[in-house]
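**Q** quick one, fold the following:
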Amino acid sequence: MTRLMLFLSLLIVCGLVGSAAYTRYRSSDVADRFPPIGSFVEARGTRLHYLEQGRERGGPTVVLVHGASSNLLDMRLALGERLAERYRVILFDRPGFGWSDEPTGTNATSPRAQADLIHEALDRLKVGRRIMVGHSWAGALVLAYALDHPEVLDGVVALAPVSHPWPGGISWYYSLTAAPIAGVLFAGTVMVPMAETLIAAAADGVFGPQAPPSDYVRKAGIPLILRPHSFRRNARDVAALYDFVVRQSRHYGEIVVPVTIVAGADDTTVLPSIHSEALKREVPDVRLVMLEGVGHMPQYARPEVVIAEIDRLADRAAGRQTPSL
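**A** Predicted coordinates for the structure are as follows:
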């Protein structure tokens, strides 16, 4: 029995060492395949990676912020190129994602703290009036932005937003990866080979009932999340989100800027009955666009609707009327 236990222990150690070596190799390979495509700006000691497209045309700048497990390439693929035809567009890698540095401090996982970093970065980039667009996790971020920085906003577009506490908690791998010691071990060893076998299926699940665009995982740079530091950043952000929206949701009645929500009626990732519909009841100046037959990625399923809602906010700020769809 002792020899068997020793053999099994050695087998486990060898497996972990091999997984760790593979993780280091894949992290380096991913970094080489998906290098930064934009520029960098520093905000409160944190270097943020951003991409600027289009140009100023007298209207607001549109700021696109990605959700969990993602980076700015995702929002560029969905909306950035189209919006750049008529707006100055700025896309950010959220802190700790893509090529943005991981922020320091105990509140770094907070959507409010990340909104403040982006706000300072936009000021450094001399951005004037702006429309903030956030997907999923970043729905909480753009709502925090609306609460804290209304003076610079022409509006907010929340795409399938997380806005309220939800039943059921989070997936086990988020809790494990967010743990101080076990999370470091998990992310640095078995996580990458495990996640690589699941990443395509995970994309299918998030997009359902639609299918992802052809070659979505590569075009959106999703493998960047497989680097251990980004995977742990993502897990900590998700693990802290519930308590954050418990607190923030008490203040939605204080939002003074127009908020547009675009959600899919068939979204099973962030249920609109818990989030979008509740948000509609609580924000004073709000518009809810519910898309039948659409899941968690309305910016891909119906990009023309999202762009029309951004146009509506821009026209409203300029005193123009936009006809209903």
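
**Q** mind listing the helices for the stretch 151-300 of the chain?
**A** Applying DSSP state H, counting those that start in this stretch to the stretch 151-300 of the chain gives helices spanning 172-178, 182-188, 191-207, 216-219, 228-248, 276-282, 298-301.

**Q** with respect to residue 50, which of those lies nearest?
**A** helix 228-248 (16.8 Å; Cβ to Cβ). The C-beta positions use only the backbone N, C-alpha and C, and glycine is treated the same way.

**Q** measure how that closest one sits relative to helix 191-207, angle-wise.
**A** If you take axes from the mean of the first three to the mean of the last three Cα atoms, to 10 degrees, helix 228-248 sits at 50 degrees to helix 191-207.

**Q** just checking, what packs against helix 228-248?
**A** When contacts are defined as 3 or more Cβ pairs under 8 Å, 6 or more residues apart in numbering; DSSP states H and E, helix 228-248 sits against helix 111-124, helix 137-148, helix 172-178, helix 182-188, helix 191-207.

**Q** deepest of the ones you listed, which one?
**A** helix 137-148 (a mean of 25; mean count of other Cβ atoms under 10 Å).

**Q** tell me what angle that one forms with helix 111-124.
**A** Angle, helix 137-148 to helix 111-124, by the same axes, to 10 degrees: 70 degrees.

**Q** helices or strands next to helix 137-148 in the packing?
**A** In this structure, helix 137-148 makes packing contacts with strand 61-65, helix 111-124, strand 130-135, strand 153-159, helix 228-248, judged by 3+ Cβ pairs under 8 Å, 6+ apart.

**Q** now render these as JSON lines, adding mean pLDDT and distance to residue 84.
**A** Converted to JSON lines, the helices and strands packed on helix 137-148 look like this (pLDDT from 0 to 100; distance: least, Cβ to Cβ, whole Å):
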{"stretch": "strand 61-65", "mean pLDDT": "98", "distance to residue 84": "9"}
{"stretch": "helix 111-124", "mean pLDDT": "97", "distance to residue 84": "17"}
{"stretch": "strand 130-135", "mean pLDDT": "98", "distance to residue 84": "13"}
{"stretch": "strand 153-159", "mean pLDDT": "98", "distance to residue 84": "16"}
{"stretch": "helix 228-248", "mean pLDDT": "91", "distance to residue 84": "26"}
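
**Q** put together TSV for those, with distance to residue 39 on each row.
**A** Below are the helices and strands packed on helix 137-148 laid out as TSV (distance: least, Cβ to Cβ, whole Å):
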stretch	distance to residue 39
strand 61-65	15
helix 111-124	11
strand 130-135	18
strand 153-159	23
helix 228-248	20
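
**Q** right, and these - which one's nearest residue 168?
**A** Ranking the helices and strands packed on helix 137-148 by proximity to residue 168 (Cβ to Cβ) places helix 228-248 first, at 10.1 Å.

**Q** point out where this structure drops to low pLDDT.
**A** Within the chain, the stretches with pLDDT under 70 are 1, 3-27, 105-106, 172-179, 181-190, 193-195, 321-325.

**Q** ok, the residue nearest the centre of it - contacts?
**A** Per Cα atoms, centre = their mean, the C-alpha nearest to the average position across the chain is that of residue 67, at 1.3 Å. Shown in contact with residue 67 (Cβ atoms under 8 Å, 6 or more residues apart in numbering): 74, 134, 135, 136, 137, 138, 139.

**Q** could you dump these to CSV with distance to residue 314?
**A** What follows is these, written out as CSV (distance: Cβ to Cβ, whole Å):
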residue, distance to residue 314
74, 23
134, 17
135, 19
136, 23
137, 25
138, 20
139, 20
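
**Q** farthest pair within the residues you listed?
**A** 74 and 139 (14.5 Å).

**Q** buried residues in stretch 221-230?
**A** By 16 or more other Cβ atoms under 10 Å, the buried positions in stretch 221-230 come out as 221, 222, 223, 224, 225, 226, 227, 228, 230.

**Q** endpoint to endpoint, it covers what distance?
**A** Stretch 221-230 has its terminal residues 13 Å apart, counting by Cα to Cα, to the nearest Å.

**Q** neighbours of residue 274, how many?
**A** Other residues within reach of residue 274, judged by other Cβ atoms under 10 Å, total 15.

**Q** surely it touches residue 164?
**A** Yes. Counting by Cβ atoms under 8 Å, residue 164 is a contact partner of residue 274 at 5.7 Å.

**Q** so how far is residue 295 from the nearest residue to residue 45 once chain neighbours are set aside?
**A** What sits nearest to residue 45 in space, not counting adjacent residues and going by Cβ to Cβ, 6 or more residues apart in numbering, is residue 104, at 7.2 Å. Residue 104 is 36 Å from residue 295, where distance means Cβ to Cβ, to the nearest Å.

**Q** more crowded one of those two?
**A** Taking neighbours as other Cβ under 10 Å, residue 104 and residue 295 compare with residue 295 leading, 23 against 10.

**Q** double-check that one against residue 207; I have them as touching.
**A** Yes. Assessed by Cβ under 8 Å, residue 295 is found in contact with residue 207 at 6.2 Å.

**Q** thinking again about what came up before, farthest pair within the buried residues of stretch 221-230?
**A** Those two in those that are separated most widely, counting by Cβ to Cβ, are 221 and 228, at 16.6 Å.
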